Every structure is written in structure tokens, then in C-alpha cells.
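Student: predicted model follows, preceded by the sequence.
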Amino acid sequence: MIKSDKDYTLFVLALSRMTFLSLKEKFILLNNIDSLYDLVILSIEDISKKIGRKSRAYWNPSELIRMVKKDLYLIEKMNISFVLYNESNYPSLLKEISDPPFLLFYRGDIKVLENNCVSVVGTRKIVGPAAEECFDFSKDAALDGITVISGLAYGVDKKAHEGAIEAFFEANDKNLVGKTVAVLPSGIDEIVPSGHKRLVSKILSSGGCIISEYPPGEGAKPYRFVQRNRIIAGLSLNTVIIQAPPGSGAMLTAEFAVDYNREVMVHSVAFCEESLRISTFVRNQLLLEAKFKESIEKKLNNDPEYYVQDGAKIIKSYADYKLICNKIKFAQKTLFD
């Protein structure tokens, strides 16, 4: 993005805030309107004609101008960068999903997403040996040059980031070691959870990156955690479940991965005694809720065991993970040769 082109930047930021538009519709406006000021003189009826469908969205141009000017101020103040979907440094794997973000805001080195990546997901309330296993898996992956992606939450996410960071500081050649990327459910100036500001500093100082589809100043909302999970799944070919009870956010990430035709693997620690005890407790709670909510049944069936029964491989270490990845690559190469 050419930061000196202020008018264009404001226009792109405005389109990113028009959440009632699809990705395709945003590009229709981007390619057929010259500037923000040409956009805001349009009525919602005018916009409907340009995108080819009737929209009844709430349209307040004055408020939009105020918001994007604030966005630009925060971007410049906090040295935040952003990349548009059609730009060359937009993560290529994310372009392949059904609902990629129009813009990605980031701090750090977004080029680390050009490397081989693995998404590491799991519960916030990590128990038993899962913390150590997650840390070791992520550290070994980073030492092998793999970028480790997670969501900056407590528990599994934190251990995944920390493992990759440890690999960076232990490595003799910092250029060869993989980095870590945190995907946020808020603007990247609004660190969630707030207790992980120091962790973010370590992610950035070790050559990693933090990214979000939300403009600076936007706080976390429940639905944004779900939207964040689709990005975590979309940024890599493989998602590894470390430890996750039925119906948790980590299992939603796995669901996204399957929808995007990506691989899901399950760490064996997901079936350790402590993991099974937590899963049983959560399952019983969901069964109680099921008496009142029909939608609970889907959560009950969305657990690590379900994915294993559906063909997901169980791994005990990064070495297992790498072996499976190599087998998949060989099978694909054989298929297309």
C-alpha cells in the first residue's frame, strides 16, 4: 500500500468498514469510484445499483468519514501497516478460502506467512502435559523453519507462540528459524487478552507478526473470535489440535480447516487422562444445555475424537507431523505425475 496516497488509503479504509458488502462488491466500488468523497455522496440506492443488488443497510456517510480519519490517525501513530486482498504480499493461502478479508492490518513481518505454516489451536484452560507438549511441538516446528500460527489467547495459543519464540532465541541462524504469527479478534492496537502485551512484544522482537482484519480501535466481540478462527485456519495447510473440549473455539477452527479443504491433525495429548476428564465434564454440561437448545447437538459432536474417526491423523510430536506432511506431499506428487 502506498501510504503517501492519502485519498486512496482513506477510500480503502472506508470500504473495509462497509461490512454489508461482500469482497467482490468492495472491489466493484474500488474499481468504479475514484475516492472516498465520491463514495460518500452516493445514496444507499446508488450503491445498490453499482453492486447489482438491493441493499437495505444502514448508511451514514458522515460517520464513515469520521471513522476512517480516526483509522488513518491510529495507523500512522502506531506504525500499523495493511495489505489489500489483490496485493502481492497478501497471504496466498488466505486468498483461497471462501471468505477472505478485504484488508489485513498488521505489525511485524508479514512475509513470514510466505513460509510453510502450521496453525496450532486448543483450549484456554490447558491441563496435564498439554502445555509442555504444545510448547515442544511449536519449538521444534520453528526450529525446522515452520511459521507457527495461533490466536494469542491463554492456554494452548500462548504456549504455541512461546515455543516458537524460544526457538528463535536458541537458534544460531535467526534467518532459518520459523517465526510466530498471532491473529487477533480486535484491532491490533487492542491486544486481547490485555495481559499478553509483553508476549506481543516478544513475537515482534523475534521477527514474527500480529495481524487482524479489524481496523485499529476496534475491540473484541464474541463473533469476532469466530471470524478470527477462520483466518487461523486459512493461513496454513495444516491445523493441529493440541487439547480441546467439545464445541470449543479450537474445534470451530478445525471445522473451518475442513471446510477449506485443509488437513487437521490431533495431538495425542488431546486424549490423555486430564483431557478426557475435562471433555467429559464439558460434554455433561452441554447435555444439560441440550434440553433447552437444539443447536447444542452440533457442539457435542465437534470434538477431537470426531476428527480422528473422520480420518485425521494422531501425532505425538513434530517429527510425527513432519512425517505425515511428507507422505501427503508424496501422495499428491504421485497423483499429478
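Tutor: Nice, I can see it.
Student: how about stretch 233-240: buried residues?
Tutor: 233, 234, 235, 236, 237, 238, 239, 240 (16 or more other CB atoms under 10 Å). The way it works is simple: take the backbone N, C-alpha and C, and place the C-beta from them, glycine included.
Student: relative to its centroid, which residue of the chain is most remote?
Tutor: The C-alpha centroid of the chain is most remote from residue 41, which lies 34.7 Å away (CA atoms, centre = their mean).
Student: who are the contact partners of residue 125?
Tutor: Applying CB atoms under 8 Å, 6 or more residues apart in numbering, we find residue 125 in contact with 154, 155, 278.
Student: helices of the stretch 51-200 of the chain, residue ranges please.
Tutor: For the stretch 51-200 of the chain, the helices defined by DSSP state H, counting those that start in this stretch occupy 61-77, 92-95, 130-143, 156-170, 197-205.
Student: I'd like the average pLDDT over the third one.
Tutor: For helix 130-143, mean pLDDT is 97.
Student: show me what that helix is packed against.
Tutor: Packing contacts for helix 130-143, counted by 3 or more CB pairs under 8 Å, 6 or more residues apart in numbering; DSSP states H and E, involve strand 117-121, strand 147-150, helix 156-170, strand 263-267, helix 318-336.
Student: how about CSV for those, with distance to residue 10 added?
Tutor: Formatted as CSV, the helices and strands packed on helix 130-143 follow (distance: least, CB to CB, whole Å):
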stretch, distance to residue 10
strand 117-121, 32
strand 147-150, 30
helix 156-170, 33
strand 263-267, 40
helix 318-336, 43
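Student: turn those into JSON lines, including distance to residue 73 and mean pLDDT.
Tutor: As requested, these are arranged in JSON lines below (distance: least, CB to CB, whole Å; pLDDT from 0 to 100):
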{"stretch": "strand 117-121", "distance to residue 73": "32", "mean pLDDT": "98"}
{"stretch": "strand 147-150", "distance to residue 73": "29", "mean pLDDT": "98"}
{"stretch": "helix 156-170", "distance to residue 73": "29", "mean pLDDT": "97"}
{"stretch": "strand 263-267", "distance to residue 73": "41", "mean pLDDT": "96"}
{"stretch": "helix 318-336", "distance to residue 73": "43", "mean pLDDT": "84"}
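Student: may I ask which helix or strand encompasses residue 227?
Tutor: Per DSSP states H and E: residue 227 is located in helix 222-234.
Student: extract the C-alpha set from the helix or strand just after that helix and format it as PDB.
Tutor: Counting by DSSP H and E, the next helix or strand C-terminal to helix 222-234 is strand 238-241. Coordinates of each C-alpha in strand 238-241 appear next as PDB, following Å, rounded to 0.1, in the frame of the first residue of the first chain:
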ATOM      1  CA  ASN A 238      -2.400 -27.900   8.400                       C
ATOM      2  CA  THR A 239      -4.200 -27.300  11.700                       C
ATOM      3  CA  VAL A 240      -3.100 -29.200  14.800                       C
ATOM      4  CA  ILE A 241      -5.400 -29.600  17.700                       C
END
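Student: quick check: bridge partners of the closest residue to residue 184 other than its chain neighbours?
Tutor: Leaving aside its chain neighbours, residue 184 sits nearest to residue 212 (4.2 Å; criterion: CB to CB, 6 or more residues apart in numbering). Judged by DSSP bridges, the bridge partners of residue 212 are residue 105.
Student: roughly how far apart are residue 212 and residue 189?
Tutor: From residue 212 over to residue 189 the distance is 9 Å, taken as CB to CB, to the nearest Å.
Student: neighbour-wise, which of those two wins?
Tutor: Neighbour comparison, residue 212 and residue 189: the larger count goes to residue 212, with 30 against 18 (by other CB atoms under 10 Å).
Student: ok, that one - contacts?
Tutor: Neighbours of residue 212 in contact, by CB under 8 Å, 6+ apart: 104, 105, 106, 183, 184, 185, 186, 187, 188, 228.
Student: 10 Å instead?
Tutor: Residue 212 makes contacts with 80, 82, 101, 103-107, 182-190, 192, 218, 220, 224, 227-228, 231, as judged by CB atoms under 10 Å, 6 or more residues apart in numbering.
Student: where do the domain boundaries of the chain fall?
Tutor: Structural domains annotated on the chain: 6-77, 110-336, as defined by automatic domain parsing.
Student: how far off centre is the first one?
Tutor: Taking CA atoms, centre = their mean, to the nearest Å, one finds domain 6-77 lying 24 Å from the centre of the chain it belongs to.
Student: gap between the two ends of that domain?
Tutor: Domain 6-77 has an end-to-end distance of 15 Å (criterion: CA to CA, to the nearest Å).
Student: returning to that earlier point: can I get the helices of the stretch 51-200 of the chain in TSV including distance to residue 32?
Tutor: Formatted as TSV, the helices of the stretch 51-200 of the chain follow (distance: least, CB to CB, whole Å):
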stretch	distance to residue 32
helix 61-77	17
helix 92-95	22
helix 130-143	44
helix 156-170	41
helix 197-205	38
